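Asker: no sequence for this one, just the structure:
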């Protein structure tokens, strides 16, 4: 089964924007990389401009990320151990951040060309993520599995700690202040579990 032309254009643009940046990528390169006749204008049957395809690429990756969102196991799936459930979730979330990093880099580099796509990504990665996690934490608080506190603030602290750790490792090339991923996760589990 052949891949639709629009999808081939989006795939080619994603790869080129990641490697060359928005300014370093031409429509002709996107066409050639998508298997279209370079300079034929085939691109313009699907997108009005290079900026429009950049926005479509980011929106598609945001939607993929949202569809693949995983919250982690519930305590009953870990033998009733909320600490194990939390540790597995935090490990998964750090893995998700590693997988999302190319998208985060592209958005940081090309934000001036993205318009509402930046807001869409912020909604997905921060606001919606904090909302989903806070509802989960509130349920655990109501069940007495963890101490009762401000679930939204706690979810935000966890999100910012994991994101900050991930970005620090990517930026510096090693764990910040020598704090291992395991130590970070253990400390966050202690914070949430109220130890």
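Answerer: Thanks, I have it. Keep in mind that what you see is a predicted model, and the values were worked out from it rather than measured.
Asker: Check the secondary structure at the residue lying farthest from the centre of the chain for me.
Answerer: Centroid-distance maximum for the chain: residue 40 at 34.9 Å, with Cα atoms, centre = their mean. Secondary structure, DSSP: H, G, I helix; E, B strand; the rest coil: residue 40 is coil.
Asker: And it, how far from residue 62?
Answerer: 30 Å (Cβ to Cβ, to the nearest Å). Backbone N, C-alpha and C define where each C-beta goes, glycine included.
Asker: can you map out the helices along this protein?
Answerer: Remark: helices assigned in the chain by DSSP state H are 5-20, 27-33, 50-67, 82-110, 116-122, 129-142, 151-172, 181-193.
Asker: Report pLDDT for the residue farthest from the centre of the chain.
Answerer: At residue 40, the model reports a pLDDT of 81.
Asker: ditto for the one 3 residues further on
Answerer: The predicted local confidence for residue 43 comes out at a pLDDT of 91.
Asker: How far does stretch 176-193 sit from its chain's centre?
Answerer: 21 Å (Cα atoms, centre = their mean, to the nearest Å).
Asker: May I see the buried residues of that stretch?
Answerer: The neighbour-count check on stretch 176-193 (16 or more other Cβ atoms under 10 Å) flags 184-186, 188-189, 191-193 as buried.
Asker: And stretch 73-90, by the same measure?
Answerer: Quick answer for stretch 73-90 (16+ other Cβ under 10 Å): 73, 75, 78, 81-83, 85-90.
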